[in-house]
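Participant: Structure for the following, please:
(2 chains)
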2 protein chains.
Amino acid sequence: MTITGDQSLLKRINSLALLRLVKSEAGLSRADLAKRSGLTKSTVSLLVQELIDEGWLCEREITVSGSIGRRPTPLQLDADRLALMGAEIGVDYLNVVACNLRGDLLDSRMQAFEHADLPRTLQALARMVAEQHKALRKQGRRALGLGVGIPGTVDARGERIGVVPNLAWHDREIHAPLAQALAKAGVQEVPATVLNEANAAALSEYVFGTDHAFDSLVYLSIGIGLGGGIVLGDRLHLGHDGAAGEVGHTILQLDGPLCRCGAHGCAESFVSQRAVSLDLTGAASPILPMGELLRRLQGGDAAVLQAVQRAGRYLGMLMHNLCNTIDPAVIVLGGPMGQLGEPFFEAARASFEGMRGRYHFHTTTVRQCRFGLNACAVGAAGAVLHQALLG
Amino acid sequence: MTITGDQSLLKRINSLALLRLVKSEAGLSRADLAKRSGLTKSTVSLLVQELIDEGWLCEREITVSGSIGRRPTPLQLDADRLALMGAEIGVDYLNVVACNLRGDLLDSRMQAFEHADLPRTLQALARMVAEQHKALRKQGRRALGLGVGIPGTVDARGERIGVVPNLAWHDREIHAPLAQALAKAGVQEVPATVLNEANAAALSEYVFGTDHAFDSLVYLSIGIGLGGGIVLGDRLHLGHDGAAGEVGHTILQLDGPLCRCGAHGCAESFVSQRAVSLDLTGAASPILPMGELLRRLQGGDAAVLQAVQRAGRYLGMLMHNLCNTIDPAVIVLGGPMGQLGEPFFEAARASFEGMRGRYHFHTTTVRQCRFGLNACAVGAAGAVLHQALLG
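Facilitator: Numbers count the residues shown, from 1 in each chain, chains lettered A, B, ... in the order given. This is a model prediction of the structure:
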């Protein structure tokens, strides 16, 4: 019998498979790739040559050794010819970065920004992107795409905003106006993709780290509020309504303190800059700036220490709940609260370890994020690579 | 260029794709299948014929109508020739069922059982399976496999038990001794698979329902204890250490009541027969039997009503947390506690609805399970079909 298959589709699938193999282990040779992919050596050679021509792969220099015979040439992701652009629309700033395929930061432009309406924000963002794009082209780099992280919910196709609480944007188109703003700013052939900021931050760790080996990761973005991003089975887990990962609004205490979402006892009302500030001042606003908290903490202020430890304790509880629900390989702690350092994380770890019951053995690794305040923008750039690799 | 492909693998993938299409929508014709799969009509005809020959599919009788010309023949899963066997090792019983491909119950054998050691349990189970297998063969049915649900953790390959708290089994091989017991009891060519009971129950709803259309489902098994099973992206989500879905041990109150796992404030210590009983008697044991709770509830006992409503309220909180973490399309409530009916579920629904914050719009459907106390065994049978369809 004959099974017809689309040869160009097959070719694309195979190319991506090779690319993913090299990404997961730099230094593989064509022969290694043939062995691991099950493709013939001649097919691998053809596909690898195309990937080299397109700027995805390069051959790594090898030191000449005394051994005789031709050595297999190690391949790796090319760091020099392609670029991934990423941006974050922050509550009071815009951040635009560019990375190479390995996640090394090439360029970073952050500016304070006061939002008026969505079109104005997109216009300002597009101008920053356009400048960066020009700089990249001058360096001879081709930008594969732009990812944009926003502090709110986005539909699964990245076309519409659900709600951005802090900017009062609600149920709005985002993809089309962004594309228009980019075109108007002169950015050509750079497809854009929009995603939630915590989801983007999760991808910064997953796409550019070794965590993809584990296939499951939860990122907690802890700042004024508390957001989460989940990667499962090589995909962002968005959920049925895009509400997956909204772990800041899981409830940690029935009839607990009022959260700004209107519910009571949400994790965010215990684990956030807002919560620590409220704990110290008794008032919901103004929120004590991180700089002040940090200064007082380092100055030995017992009240601040206690408030930070309390937040840490509830963070441990949230991590415990995530382990008993999702059981991820890795939990990454990110966001501005991380600046509070050990007093915060130590309390979280102690509470997390102390909650482990007799029958439950999770080996989840907990660690801090690697990209600091660039996590969202770098992850948005990572989303471009991630989507390209998914085909 | 030439891409080589394994033709027999491709054929298998295509066969499974067709089978899944018919499973998801009974009544599709060969022409429909060609359209939806992208395969040629002749390939579809060949593959469908093989699936019919092997007992997977049948042509549905169609009523003769007045119209002229040949009508396309509707296909459906064959209900008559293949069988799926499923079993549950309960804390004080063994349950063995057989279903057809559509999930209709063909045979059910439950017996009270006092566990001594694991080999004795497997021996007794194998005898029940052997009798049922003989009965199925007499009816001319071929058994595709046996799924076995156990009240504890199982590794991802279904080979080893992690821990079965109620039966004091810990870190033991299960697959090999089960296969041996089956062979000894004369059960031939029936591959066995072992999984956690709540995961099995989740598959009962996912494999034999229409919920597979949604691709994400959480099953809560509420009885003496509280377990959970999660289906995401057409797979059981087991987690990094097999601890995913252990939602009975997410913590709903810091420093809450002591749970039997040794931690404090676990969901199970609020939402379980154990919790309701403790609430009423003030003692951890004996646990009030469900029959007595039900009688008192129906007799208007205010204390029982209050305890049941309290459990319901925390159940609503747990469901809320699941929505803000996993955001599943469906939450299915199962297990013996369901017998308490509306007073329990009404409290859960009210608390669940009341917790929805201003910014969170999940449309998760909550419903009761369909297979009652057979859910685990039917789902274990479903696991056999599910694995076959995943290829």
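
Participant: ok, now which ones touch the closest residue to A:S216 other than its chain neighbours?
Facilitator: In this structure, A:S216 finds its nearest non-sequential neighbour in A:P328, 4.3 Å apart by CB to CB, 6 or more residues apart in numbering or on different chains. Every residue, glycine included, has its C-beta placed from N, CA and C. For A:P328, the contact set (CB atoms under 8 Å, 6 or more residues apart in numbering or on different chains) comprises A:214, A:216-218, A:230, A:232, A:322, A:364, B:239-240.

Participant: Please report how far A:Q76 lies from A:F113.
Facilitator: Distance of A:Q76 to A:F113, given as CB to CB, to the nearest Å: 37 Å.

Participant: residue contacts, the most centrally placed residue in chain A?
Facilitator: With distances taken as CA atoms, centre = their mean, the residue of chain A nearest its centroid is A:A201 (2.4 Å). Shown in contact with A:A201 (CB under 8 Å, 6+ apart): A:149, A:219, A:221, A:229, A:334-335, A:369, A:371, A:375-376, A:379.

Participant: from those, which single one is nearest chain B?
Facilitator: Of all these, chain B sits closest to A:G229, with 11.7 Å by CB to the nearest CB.

Participant: so what pLDDT did that closest one get?
Facilitator: In the predicted model, A:G229 carries a pLDDT score of 97.

Participant: That one contacts A:S204, doesn't it?
Facilitator: No. Taking contacts as CB atoms under 8 Å, A:G229 lies outside contact range of A:S204: 9.4 Å.

Participant: When the two are compared, which one has more neighbours?
Facilitator: Between A:G229 and A:S204, counted using other CB atoms under 10 Å in any protein chain shown, the more crowded position is A:G229 (33 against 30).

Participant: Correct me if wrong, but that one is in a strand.
Facilitator: Yes. Checked against DSSP: H, G, I helix; E, B strand; the rest coil, A:G229 lies within a strand.

Participant: residue boundaries of the strands in the stretch 1-150 of chain A?
Facilitator: Using DSSP state E, counting those that start in this stretch, the strands found in the stretch 1-150 of chain A span residues A:57-59, A:75-77, A:82-89, A:93-99, A:105-112, A:142-150.

Participant: How many neighbouring residues does the residue of the stretch 101-250 of chain A found nearest chain B have?
Facilitator: Taking CB to the nearest CB, chain B has its nearest neighbour within the stretch 101-250 of chain A at A:G239, 2.5 Å off. Using other CB under 10 Å, A:G239 has 23 other residues around it.

Participant: What helix or strand is the residue nearest to the centre of chain A located in?
Facilitator: A:A201 is part of helix A:197-207 when elements are defined by DSSP states H and E.

Participant: returning to that earlier point: ok, and the closest non-adjacent residue to the residue nearest to the centre of chain A?
Facilitator: A:A375 (4.1 Å).

Participant: Count the residues that sit near the one you found.
Facilitator: Neighbour count of A:A375, defined by other CB under 10 Å: 29.

Participant: how about it, what does it touch?
Facilitator: A:200-201, A:204-205, A:219, A:221, A:334-335, A:369.

Participant: Find the helix or strand that it is a member of.
Facilitator: Here A:A375 sits within helix A:375-390, counting by DSSP H and E.

Participant: Got phi/psi on the closest residue to A:F270 other than its chain neighbours?
Facilitator: Excluding its sequence neighbours, the residue lying closest to A:F270 (CB to CB, 6+ apart) is A:Y314, at 3.7 Å. Backbone dihedrals for A:Y314, given as degrees, to the nearest 10, come out at phi -70, psi -30.

Participant: Is A:G162 within a helix or a strand, and which one?
Facilitator: Counting by DSSP H and E, the element that carries A:G162 is strand A:160-164.

Participant: Heading C-terminal from that strand, find the next helix or strand.
Facilitator: Taking DSSP H and E, what comes next after strand A:160-164 is strand A:169-173.

Participant: Just the buried positions in whichever helix or strand comes after that next one, please.
Facilitator: Helices and strands here follow DSSP H and E; after strand A:169-173, the next one along the chain is helix A:175-184. Neighbour-count burial for helix A:175-184, with 16 or more other CB atoms under 10 Å in any protein chain shown as criterion, is recorded at A:175, A:177-179, A:181-182.

Participant: Contact residues of the stretch 151-300 of chain A facing chain B?
Facilitator: Counting by CB under 8 Å from any CB of the partner chain, the residues of the stretch 151-300 of chain A close to chain B are A:153, A:162-163, A:165, A:214, A:216, A:228, A:230, A:232-233, A:235, A:237-247, A:249-254, A:259, A:261-264, A:266.
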